[in-house]
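S.K.: using only what follows, build the 3D model:
(2 chains)
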2 protein chains.
Amino acid sequence: MSESDIGFKAAFDEAHKGHAEGGVPIGAALVSADGKVLGSGHNMRIQKGSATLHPPECVTLTQAEISALENAGRLPASIYHGATMYTTLSPCDMCTGACVMYKVKRVVIGENKNFLGGEEYLKSKGIEVVVLHNKELQTLMKTFIKEHPEEW
Amino acid sequence: MSESDIGFKAAFDEAHKGHAEGGVPIGAALVSADGKVLGSGHNMRIQKGSATLHPPECVTLTQAEISALENAGRLPASIYHGATMYTTLSPCDMCTGACVMYKVKRVVIGENKNFLGGEEYLKSKGIEVVVLHNKELQTLMKTFIKEHPEEW
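M.R.: Below is the predicted model of the structure:
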């Protein structure tokens, strides 16, 4: 698992797409066991206009990993079980829970310097966790947090 | 926290509403620190027609606790922090994660005999967990699982 993975690139592109929209720059992509991008998405919290945490209309669709799962559409359970979730930032508790519920095989994380999510919980559930410590993503997120402390 | 709580009654009613619709009989309600039902909902997995886990359109809205959070609408963070989530069945990993993300104060569970969810994780995050061991809910869920093994 490396930064040259198709899934990493898809998640990375989603983070930049979110950034270009003025949103929280977090992206994710779900990749099948045979290396196909099943779905991708980025954080939509600002775009969807939540004042506090998430918009009331669809509280969870704003999260990058959940968006990737939604974007992937309905899949047989076996596909999830062999899949890898790529996410540019260490996953929040709800997305961690979604990965556990879907029983994905692996979660590849761009960086966890700006936020450390449920990595230990994923591991405790038998999910492989890989952290890439990507410098560009660290800077992207750090800059966002500095410029928008109220959104973080 | 007991079976006479307004939140327990709301969750219980939601479970029965789901059952009457032919769905998975799980209900939930979010109650404020001063005892008002902020939102309630029930599992919609069957109603929304998912073949495997959840429907692709909105993967998470089918879960009872998430539905209750959605139904509550946008609230200040402080309201969640004092709130109690009532759920008729021990929460799945994703709903556990949502309760942690929203930092609810307490999760009151109708029963955990048919399914034991993320209770330990909630406790590890400082959330109070109360299990009521309600016999009627145990029977309701047990009967459902027996009659619809493919849905469970």
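S.K.: which stretches of chain A form helices?
M.R.: Applying DSSP state H to chain A gives helices spanning A:6-20, A:64-72, A:77-82, A:93-102, A:119-124, A:135-147.
S.K.: switch those helices over to CSV; also include mean neighbour count and mean pLDDT.
M.R.: For the C-beta atoms, the positions are set from N, CA and C on the backbone; glycine is no exception. What follows is the helices of chain A, written out as CSV (neighbours: other C-beta atoms under 10 Å in any protein chain shown; pLDDT from 0 to 100):
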stretch, mean neighbour count, mean pLDDT
helix A:6-20, 21, 97
helix A:64-72, 27, 86
helix A:77-82, 15, 93
helix A:93-102, 27, 91
helix A:119-124, 16, 96
helix A:135-147, 16, 97
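S.K.: any idea which of those helices gets closest to chain B?
M.R.: The closest of these to chain B is helix A:93-102. By C-beta to the nearest C-beta, the value is 2.7 Å.
S.K.: and for the closest one, what are the contacting residues?
M.R.: Residues outside helix A:93-102 that contact it (C-beta atoms under 8 Å, 6 or more residues apart in numbering or on different chains) are A:28, A:60, A:63-66, A:69, A:80, A:83, A:85, A:87, A:91, A:107, A:117-119, A:121-122, A:125, A:127, B:53, B:59-60, B:92-98, B:100-101, B:118, B:125.
S.K.: got a list of what A:Ser90 touches?
M.R.: A:109, A:111-112, A:115-119, A:131.
S.K.: quick check on these: which are buried?
M.R.: Those of the contacts of A:Ser90 that meet the buried threshold are A:109, A:111-112, A:117-119, A:131, by 16 or more other C-beta atoms under 10 Å in any protein chain shown.
S.K.: which ones are touching A:Gly35?
M.R.: Under the criterion of C-beta under 8 Å, 6+ apart, the neighbours of A:Gly35 are A:Ile6.
S.K.: what do you get for A:Lys17?
M.R.: If a contact means C-beta under 8 Å, 6+ apart, then A:Lys17 has A:27, A:42 as its contacts.
S.K.: swap the cut-off to 6 Å and go again
M.R.: Residues touching A:Lys17, when contacts are defined by C-beta atoms under 6 Å, 6 or more residues apart in numbering or on different chains, comprise A:His42.
S.K.: cool, A:Ile46 as well?
M.R.: When contacts are counted by C-beta under 6 Å, 6+ apart, A:Ile46 touches A:Gly23.
S.K.: I'd like the distance between it and B:Lys48.
M.R.: With distances taken as C-beta to C-beta, to the nearest Å, A:Ile46 is found 28 Å from B:Lys48.
S.K.: ditto for A:Ser32
M.R.: When distance is defined by C-beta to C-beta, A:Ser32 is 24 Å away from B:Lys48.
S.K.: can you add distance to B:Asp13 and give the helices of chain A back as CSV?
M.R.: Rendered in CSV, the data for the helices of chain A read as follows (distance: least, C-beta to C-beta, whole Å):
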stretch, distance to B:Asp13
helix A:6-20, 39
helix A:64-72, 28
helix A:77-82, 31
helix A:93-102, 25
helix A:119-124, 32
helix A:135-147, 43
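S.K.: and of these, who's closest to B:Val24?
M.R.: The stretch from those with the least distance to B:Val24 (C-beta to C-beta) is helix A:93-102; that distance is 14.4 Å.
S.K.: distance to chain B added to the contacts of A:Ser90, as a markdown table?
M.R.: Shown next, in a markdown table, are those (distance: C-beta to the nearest C-beta, whole Å):
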| residue | distance to chain B |
| --- | --- |
| A:Ile109 | 16 |
| A:Glu111 | 20 |
| A:Asn112 | 17 |
| A:Phe115 | 12 |
| A:Leu116 | 14 |
| A:Gly117 | 10 |
| A:Gly118 | 7 |
| A:Glu119 | 13 |
| A:Val131 | 19 |
